[in-house]
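> can't give you the sequence, but here's the structure:
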């Protein structure tokens, strides 16, 4: 079976759980920015949790199905419609052959995940179906969807049925202000103590430059650096380092002004110091931040980071149990 | 050199071998990442060597952060005694310096440059004390380069020139990054040369272009059929200047599947290199040019 793209939305791409193992060559993980919602969308339609889905941001696509299918929409509050009729999110729905799945206006969050029973069946590239647009790799022809594309859909398994539902207390969207927990380390010591405290005290706003590569924040005070003679090869600005790798979630502050948190399509390295790294448990939340949202960075230690990671896994098991 | 370990959230360990760039730091980073690779450690998902640092991504549900850290420290002890020698390859990369495409682009972004009155090459030659662009270009291609990191995006090589510290070229990046860089631009920032594998944003000064593709997601280019990325850390590169006609010929041949890069296998010993850099580089050139 296949799905015809009648309109593509703002930036809709095929994503799964990503492509580990090639970051050393500048090919990032990619995959859903909100992995929790991606997994749950797949569970709802009876797919493997890592099957390929569509990730859509702010403005949904219009998709015409040529066969009956079970679909589910999770993540941002972007209400789905079937042939114009409003449906519920976080619920498995039947779409009949010839019907069109479209979306109402975004109510909360930023990215919705559209799972189809059988999964989006584009070819594997380095073991994943995720789209990495900068490298024109994977997904549908290495790019975001465009009007007129026809997406292949895999064979659905026997577990697909409409009417499954994930209750609201098992979902997670960022609060307002959103809180991103981070582990201060890597080059945190480059900032003066006063500046470290200021960074954590300030309320930042998501800038318009926020995409799958990274999220930029503005509105806080400029950083103050501990004075030093710049090391050979680092470049002259105090925010420069000898080009190094960048962890996923790392917070770089070019020129000491606007922090950028790298996400699933991260550039793998570069020459800016990093103040620390957003913990794995809060990476999904970043994918749901709209521009202009207030954000606070909360410093935590490793123990807290691991406990938060464990909590996220618990939440996922609760969803699994509730759908069994 | 004092190795500094730090945690990149709960999934990465970031290891700074040295604050400043040197081949010693790069070799230690390469040796340690190779050792991590060889140990096949359960839970390790990404092993990324960089110029003077490296990064390991791991799953803390499988190997705890403390255990990961202890493993790396043990590997560092071994690195202290390792022979600083690698088996690698030397590759000749054709470069069309002062090409029309980077020229058009650098003119378009002149207001973001330190010196809007000249070109990137004029500026780089001047601040590095060369009295002409021609002499600067010669310095850029006459001594070979180590690929000391692959990354940023899609197989982009960072290269460090194999000359004494006094002869190293240093240039700042653009004041604010460009939104466009031609594909296969040979660029320069800090003490590193690079080749932009794909068209896109960039902050390095632009010196020329190579006609030789280095990244092919469709794996159609003859020498990228086995793997889509050409470079790996530890490769040695020698630039060879070409004119417009040869550039166009190589680009057409590459497109038609007829171009084969000029590559030879070589051993490299850091200690022998440090003993007599010029003589060692001459030997590398012989190895490249022998038929």
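Looks like it came in fine. Computed from a predicted model, the values in this text were never measured in an experiment. Residues are numbered from 1 along each chain as shown, chains lettered A, B, ... in the order given.

> residues of stretch A:286-293 that come out buried?
A:286, A:287, A:288, A:289, A:290, A:293 (16 or more other CB atoms under 10 Å in any protein chain shown). From N, CA and C alone the C-beta is placed, and that goes for glycine too.

> And that stretch, end to end?
11 Å (CA to CA, to the nearest Å).

> Please see if it touches chain B.
No. Stretch A:286-293 is not in contact with chain B by CB under 8 Å from any CB of the partner chain; minimum separation 12.4 Å.

> how far is that stretch from where the chain is centred?
Distance, stretch centre to chain centre, for stretch A:286-293: 11 Å (CA atoms, centre = their mean, to the nearest Å).

> Tell me which residues touch residue B:55, please.
By CB atoms under 8 Å, 6 or more residues apart in numbering or on different chains, the residues touching residue B:55 are A:244, A:245, A:247, B:8, B:12, B:13, B:14, B:15, B:46, B:48.

> For the spatially closest residue to residue A:299 that is not a sequence neighbour, which residues count as its bridge partners?
Once flanking residues are discounted, residue A:299 sits nearest to residue A:184: 5.1 Å by CB to CB, 6 or more residues apart in numbering or on different chains. On the basis of DSSP bridges, residue A:184 is bridged to residue A:276.

> and the stretch 1-150 of chain B, which residues reach chain A?
Counting by CB under 8 Å from any CB, the stretch 1-150 of chain B sits next to chain A at B:6-12, B:14, B:16, B:18-22, B:33, B:45-55, B:57, B:60-61, B:65, B:149-150.

> In strands, which of the residues you listed appear?
B:6-8, B:12, B:14, B:16, B:45-49, B:53-55, B:57, B:149-150 (DSSP state E).

> Make a ChimeraX selection of the buried ones in the residues of the stretch 1-150 of chain B next to chain A.
The buried residues among those can be selected in ChimeraX (16+ other CB under 10 Å) with this line:
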select /B:6,7,8,9,10,11,12,14,16,18,19,20,21,22,33,46,47,48,49,50,51,52,53,54,55,57,60,65,149,150
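
> secondary structure element for residue B:122?
helix B:120-127 (DSSP states H and E).

> ok, now residue B:253?
Short version, using DSSP H and E: residue B:253 is in helix B:244-255.

> Tell me the buried residues in that helix?
The neighbour-count check on helix B:244-255 (16+ other CB under 10 Å) flags B:247, B:250, B:251, B:254 as buried.

> and residue 25, what pLDDT?
Let's take chain A. As predicted, residue A:25 sits at a pLDDT of 94.

> my bad, chain B
95.

> Ok, residue B:200 next?
Predicted confidence (pLDDT) for residue B:200: 89.

> again with residue B:114
Residue B:114 is given a pLDDT of 88.

> cool, and residue A:111?
For residue A:111, the pLDDT comes out at 98.

> I'd like to know the phi and psi angles of it, please.
The phi and psi values for residue A:111, taken as degrees, to the nearest 10, are phi -120, psi 130.

> who's it bridged to?
residue A:57.

> Let me see the contact set for it.
Counting by CB under 8 Å, 6+ apart, residue A:111 touches A:32, A:33, A:34, A:37, A:55, A:56, A:57, A:75, A:76, A:287, A:288.

> which ones among these are found in strands?
Members of the contacts of residue A:111 lying in strands (criterion: DSSP E): A:55, A:56, A:57, A:75, A:76.

> Any chance of the residues you listed in a markdown table with pLDDT, neighbour count and distance to residue B:209 as columns?
A markdown table is the format used below for the ones in strands among the contacts of residue A:111 (pLDDT from 0 to 100; neighbours: other CB atoms under 10 Å in any protein chain shown; distance: CB to CB, whole Å):
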| residue | pLDDT | neighbour count | distance to residue B:209 |
| --- | --- | --- | --- |
| A:55 | 98 | 30 | 34 |
| A:56 | 98 | 28 | 37 |
| A:57 | 98 | 26 | 34 |
| A:75 | 98 | 30 | 42 |
| A:76 | 97 | 26 | 42 |
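
> and which of these is nearest to residue A:259?
Distance to residue A:259, by CB to CB, is smallest for residue A:57 among the ones in strands among the contacts of residue A:111, at 20.9 Å.

> how close does the closest one sit to chain B?
Plainly put, residue A:57 is 20 Å away from chain B if you go by CB to the nearest CB, to the nearest Å.

> which residue of the chain sits farthest from its center?
You didn't say which chain, so I picked chain A. No residue in chain A sits farther from the centre than residue A:229, which is 38.0 Å out by CA atoms, centre = their mean.

> Not quite, go with chain B.
For chain B, the residue at maximal distance from the C-alpha centroid (CA atoms, centre = their mean) is residue B:61, at 33.9 Å.

> before we move on, the earlier item: and which of the buried residues of helix B:244-255 is nearest chain A?
When the buried residues of helix B:244-255 are compared for distance to chain A (CB to the nearest CB), residue B:254 wins out at 17.2 Å.

> ok, that closest one - contacts?
Counting by CB under 8 Å, 6+ apart, residue B:254 makes contact with B:211, B:212, B:213, B:221.

> Report pLDDT for it.
With respect to pLDDT, residue B:254 has a value of 95.

> give me every residue that touches the closest residue to residue A:26 other than its chain neighbours.
Nearest in space to residue A:26, with sequence neighbours left out and distances taken as CB to CB, 6+ apart, is residue B:151 at 3.9 Å. Contact analysis of residue B:151 by CB under 8 Å, 6+ apart lists A:23, A:24, A:25, A:26, A:245, A:267, A:268, A:269, B:48, B:50, B:158.

> per-residue confidence for residue B:151?
91.

> Then residue A:199 would be within a helix, right?
Yes. Judged by DSSP: H, G, I helix; E, B strand; the rest coil, residue A:199 forms part of a helix.

> So it sits against residue A:297, correct?
Yes. Using CB atoms under 8 Å, residue A:199 makes contact with residue A:297 at a distance of 6.6 Å.

> what is in contact with the two at once?
With CB under 8 Å, 6+ apart, residue A:199 and residue A:297 have common neighbours residue A:259.

> Pull out the buried positions in stretch B:131-140.
For stretch B:131-140, the neighbour count (16+ other CB under 10 Å) marks B:133, B:136, B:137, B:140 as buried.
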